[in-house]
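Peer 1: what follows is a predicted protein model with its sequence.
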Amino acid sequence: GDSVTQMEGPVTLSEEAFLTINCTYTATGYPSLFWYVQYPGEGLQLLLKATKADDKGSNKGFEATYRKETTSFHLEKGSVQVSDSAVYFCALSDRGGTYKYIFGTGTRLKVLA
Amino acid sequence: GAVVSQHPSRVICKSGTSVKIECRSLDFQATTMFWYRQFPKQSLMLMATSNEGSKATYEQGVEKDKFLINHASLTLSTLTVTSAHPEDSSFYICSATPGDTQYFGPGTRLTVL
């Protein structure tokens, strides 16, 4: 079945460092791909998404490109801030009509001042 | 846009009582709503999928008689935890989708004493 694999955390960075969180997927069809962010005690917020190969999603300085050839959707940010500390989830959407997601395990990011 | 609310945000109840959690899409009509459960420092576990006017589809291992879901309209779904026990204590998150992208509520922290 479909699956999403995320790099294990926690990831600890200094402020202004470059961030990469790896996400790879397996899917039988052509899924949409998403990154969500969860702050402590809150629900998930959509960070960015891409719906087809070579699409680049971007928001708040974060970017991810849908790479069909490597089945990847890595999240990047050029300069992290303390306020970026959160848990990041990669997900794919089943396009079979159910709109169900397959989530990765989540990656905890801690940014130090 | 695409705001989903949940109520209550936090509830404490006694063992054996029932608790109802509401999930509303505030600015769009949701063809489908989802209910998740999240354990500390873990990813989200899908409990059930609900479509307006039809019975919810439960994931394997989720007791449908314990977790009652009613999707009364295109903007409202409710989850009732019946005869709650301490092991039902958890963070419950709903999401709603107009199609493909899920928008998440802020979550409800349930504590059963």
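Peer 2: Cool, got the structure. Numbering: from 1, shown residues only, chains lettered A, B, ... in the order given.

Peer 1: hey, let's count contacts and neighbours off CA atoms from now on
Peer 2: OK.

Peer 1: which residue packs closest to B:K14, ignoring adjacent ones?
Peer 2: B:L113 (5.0 Å; C-alpha to C-alpha, 6 or more residues apart in numbering or on different chains).

Peer 1: what's the local residue count around the one you found?
Peer 2: By other C-alpha atoms under 10 Å in any protein chain shown, 13 other residues sit near B:L113.

Peer 1: where's it relative to B:V81, distance?
Peer 2: With distances taken as C-alpha to C-alpha, to the nearest Å, B:L113 is found 14 Å from B:V81.

Peer 1: just A:A27 next, same as before
Peer 2: 34 Å.

Peer 1: residues from chain A in reach of chain B?
Peer 2: A:32, A:41-46, A:93, A:95, A:99, A:103-106 (C-alpha under 8 Å from any C-alpha of the partner chain).

Peer 1: please check those and keep the buried ones.
Peer 2: A:S32, A:E42, A:G43, A:L44, A:Q45, A:L46, A:S93, A:Y99, A:F103, A:G104, A:T105, A:G106 (16 or more other C-alpha atoms under 10 Å in any protein chain shown).

Peer 1: picking that back up, could you check the pLDDT of the residue nearest to B:K14?
Peer 2: On the pLDDT scale, B:L113 is placed at 96.

Peer 1: so B:S15 makes contact with B:S83?
Peer 2: Yes - here B:S15 reaches B:S83: they are 6.9 Å apart, a contact under C-alpha atoms under 8 Å.

Peer 1: burial measure for B:S18, as a count.
Peer 2: 15.

Peer 1: give the contact list for it.
Peer 2: Shown in contact with B:S18 (C-alpha atoms under 8 Å, 6 or more residues apart in numbering or on different chains): B:T80, B:V81, B:T82, B:S83, B:A84.

Peer 1: so the closest residue to chain A within chain B: helix, strand or coil?
Peer 2: Nearest residue of chain B to chain A: B:P106, at 4.0 Å (C-alpha to the nearest C-alpha). Secondary structure state of B:P106, per DSSP: H, G, I helix; E, B strand; the rest coil, is coil.

Peer 1: phi first, then psi, for residue 30.
Peer 2: Answering for chain A, as no chain was given. phi -120, psi 90 (degrees, to the nearest 10).

Peer 1: was after chain B, sorry
Peer 2: Torsion angles, degrees, to the nearest 10, at B:A30: phi -100, psi 110.

Peer 1: let me see the contact set for it.
Peer 2: With C-alpha under 8 Å, 6+ apart, B:A30 has these contacts: B:L74, B:T75, B:A96, B:T97, B:P98, B:G99.

Peer 1: before we move on, back to that, neighbour count for A:A27 and B:V81, which is higher?
Peer 2: B:V81 (21 against 14).

Peer 1: who's the more buried one bridged to?
Peer 2: Residues in a beta bridge with B:V81, per DSSP bridges, are B:V19, B:F67.

Peer 1: that one and B:S15 touch, don't they?
Peer 2: No - B:V81 is not in contact with B:S15 according to C-alpha under 8 Å; the separation is 11.0 Å.

Peer 1: for the chain, what spans make up the strands?
Peer 2: Just going to use chain A. A:3-6, A:11-14, A:19-21, A:23-26, A:32-38, A:44-50, A:56-59, A:62-65, A:75-77, A:86-93, A:101-103, A:107-112 (DSSP state E).

Peer 1: actually it's chain B I care about, not the one you picked
Peer 2: Under DSSP E, chain B gives strands at B:4-7, B:10-13, B:19-25, B:32-38, B:44-51, B:57-58, B:67-73, B:76-81, B:90-99, B:101-104, B:108-112.
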